[in-house]
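1. sequence and predicted model, in that order:
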Amino acid sequence: MLRATLVTLAALGVALTAHAQPERGPATPAPQTETITDPDAIAARLRFWATDSGDPVYFGEVRNVDARSRRVLGHYQCLAIAFIRYEAGVFHYYHKMWARDASGSCRYDDVTSRRVGNRGLCVRDNEASGPRAPATARMTKDNFDWQNGRFRTIDTRARRVGETAACVPPNGAAAGLFSLQIVDGRFRLITTRPLSYELNMAPQDPRSPPAAPVF
């Protein structure tokens, strides 16, 4: 009789404990990382000067890349890119690269007082004396011949990034294309130089560039 009573009490304790546990809803799924690698799908997410009434510019930075592992490392240069047009798997773009200031900031809102020197060989802005001269003008449609310029390209079919043969005959001056993708709202182009060109996917008005870091 005593044994039966103990078994009954134990069973009752288990039932009460189970009843006391809070109800659990369905597990919240972990956020999924969105990665886009198809060039047409990437182009669909971008704004191009040839088809946009404005002159949107994307801001970000260039990072070093480990040549063996392709792991993206630290800062190399500040970056601004205007995508001009996209056709047959080829992105045409104009870019500027410059060093951070003494505070370690890219100062995207001050691209006129500093002399930006790294950009396409065959494109010059209205304030530069020649294609190789330092550029200080903002990246707007008014400041260079964006409709007829010989811009750098990201050729996703030939897997090349850089100056075209029309700019530097006979074969251009380009690095290989390792990868091109959009990952969680960040455009990332990795070349075989190797460097990683990374942009915030929110385009900005070049007349009012971001004052704060874009990442």
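-> Yep, that arrived. Worth saying up front: this structure is predicted, and the values here are computed from it rather than measured.

2. who are the packing partners of the longest strand anywhere in the chain?
-> Determined from DSSP state E, the single longest strand within the chain is strand 72-87. Counting contacts by 3 or more Cβ pairs under 8 Å, 6 or more residues apart in numbering; DSSP states H and E, strand 72-87 packs against strand 58-65, strand 90-98, strand 195-200. In short, each C-beta sits where N, CA and C put it, glycine included.

3. distance of Asn171 from Asp66?
-> 28 Å (Cβ to Cβ, to the nearest Å).

4. surely Ala41 is in a helix?
-> Yes: Ala41 forms part of a helix when assessed by DSSP: H, G, I helix; E, B strand; the rest coil.

5. can you give me the neighbour number for it?
-> As a burial measure, Ala41 scores 11 neighbours (other Cβ atoms under 10 Å).

6. check Asp66 too.
-> 10.

7. show me what contacts it?
-> Leu73, Pro194 (Cβ atoms under 8 Å, 6 or more residues apart in numbering).

8. any idea how far Leu189 is from it?
-> 16 Å.

9. by how many degrees do the longest strand of the chain and strand 58-65 diverge?
-> 130 degrees (axes from the mean of the first three to the mean of the last three Cα atoms, to 10 degrees).

10. just put the helices and strands packed on strand 72-87 in CSV and tack on distance to Trp146 and mean neighbour count.
-> Converted to CSV, the helices and strands packed on strand 72-87 look like this (distance: least, Cβ to Cβ, whole Å; neighbours: other Cβ atoms under 10 Å):
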stretch, distance to Trp146, mean neighbour count
strand 58-65, 15, 21
strand 90-98, 7, 21
strand 195-200, 18, 22
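
11. adding mean pLDDT and distance to Tyr76, write the ones you listed out as TSV.
-> Shown next, in TSV, are the helices and strands packed on strand 72-87 (pLDDT from 0 to 100; distance: least, Cβ to Cβ, whole Å):
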stretch	mean pLDDT	distance to Tyr76
strand 58-65	97	4
strand 90-98	93	8
strand 195-200	98	6
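
12. pull the helix or strand with minimum mean pLDDT from the chain.
-> helix 2-20 (a mean of 46; mean pLDDT, DSSP states H and E).

13. show me what the helix or strand immediately after that one in the chain is in contact with.
-> Counting by DSSP states H and E, the next helix or strand C-terminal to helix 2-20 is strand 35-36. For strand 35-36, the surrounding residues in contact (Cβ under 8 Å, 6+ apart) are Ile42, Arg45, Gln181, Ile182, Val183, Asp184.

14. which of those residues sits closest to Ser208?
-> Arg45 (22.0 Å; Cβ to Cβ).

15. what about the closest one, how many neighbours?
-> 11.

16. any idea how far it is from Leu199?
-> 11 Å.

17. of all the helices and strands packed on strand 72-87, which one is nearest Arg157?
-> strand 90-98 (7.4 Å).

18. ok, now which ones touch Leu199?
-> So Leu199 contacts Tyr58, Phe59, Gly60, Leu79, Ile81, Arg186, Phe187, Arg188 (Cβ under 8 Å, 6+ apart).

19. tell me which two of these sit farthest apart.
-> Phe59 and Arg188 (14.1 Å).
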